[in-house]
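Student: give me a model of this one.
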Amino acid sequence: MEKRVLYGLVVMLMYLVGGGYSQGVVEWIRDKAEWEEIPVKTEIHIGVMVTSPLCGAPCDIVNDQVARFVETYGDRIKFYKVNILETLFFALDYKILTVPTVIIFKEGTINIRFESLSDWSMFYELLVNSSIIDFPPDLSPAPAPAPSDSDPDADLPPPLQSGE
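Tutor: This is a model prediction of the structure:
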């Protein structure tokens, strides 16, 4: 019993310290000169998450999704973050009207733009299923299972009757 409790505490501590998984590295863009150098020296896709400290939960969700994506596919795309309150040039240059906004650049031009998603928790799946990652045929992600129209409780055993 004591080993289970200790194991549970260790797992909980690892989750709290590490956010449940190892975070991918996402660097901040601080000024226009820094941003103008990035497309020149980066040969892979570039993703930019536009955020704000005033954004709250949607930006937190996207931040976690981007970190998870970078952890898995960081060799195929380099992500950066922009604080819209500190880097106004980015909002003006790319006509950012809402946060969070995520823009994916390919060879210096906008390839995909995500903004005003109704469900930001699906952002990771949108990135994986988009055309920004060229998977080798043997490493393509498995398709998500289709939603079932049947009763979700159909696979459960029947409830116990009293007296059994």
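Student: so where is this protein shaky, pLDDT-wise?
Tutor: 1-24, 133-164 (pLDDT under 70).
Student: Three-state assignment for the residue lying closest to Ile46 once chain neighbours are set aside, please.
Tutor: Closest residue in space to Ile46, ignoring its immediate chain neighbours: Phe105 at 4.4 Å, by Cβ to Cβ, 6 or more residues apart in numbering. The C-beta positions use only the backbone N, C-alpha and C, and glycine is treated the same way. Three-state assignment for Phe105 (DSSP: H, G, I helix; E, B strand; the rest coil): strand.
Student: for stretch 94-102, buried residues please.
Tutor: For stretch 94-102, burial by neighbour count (16 or more other Cβ atoms under 10 Å) applies to Tyr94, Ile96, Val99, Pro100, Thr101, Val102.
Student: ramachandran angles for the second one?
Tutor: Dihedral angles of Ile96 (phi, psi; degrees, to the nearest 10) stand at phi -80, psi 120.
Student: check contacts around the residue nearest to Ile46.
Tutor: Pro39, His45, Ile46, Gly47, Val48, Asn111 (Cβ atoms under 8 Å, 6 or more residues apart in numbering).
Student: next, format those as TSV and append secondary structure and distance to Ser118.
Tutor: Below are these laid out as TSV (DSSP: H, G, I helix; E, B strand; the rest coil; distance: Cβ to Cβ, whole Å):
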residue	secondary structure	distance to Ser118
Pro39	helix	30
His45	strand	25
Ile46	strand	26
Gly47	strand	21
Val48	strand	21
Asn111	strand	22
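Student: so which of these wins on neighbours?
Tutor: If you count neighbours using other Cβ atoms under 10 Å, the busiest of the contacts of Phe105 is Val48, which has 25 neighbours.
Student: quick one, what contacts it?
Tutor: Ile29, Phe79, Tyr80, Lys81, Val82, Phe90, Val102, Ile103, Phe105.
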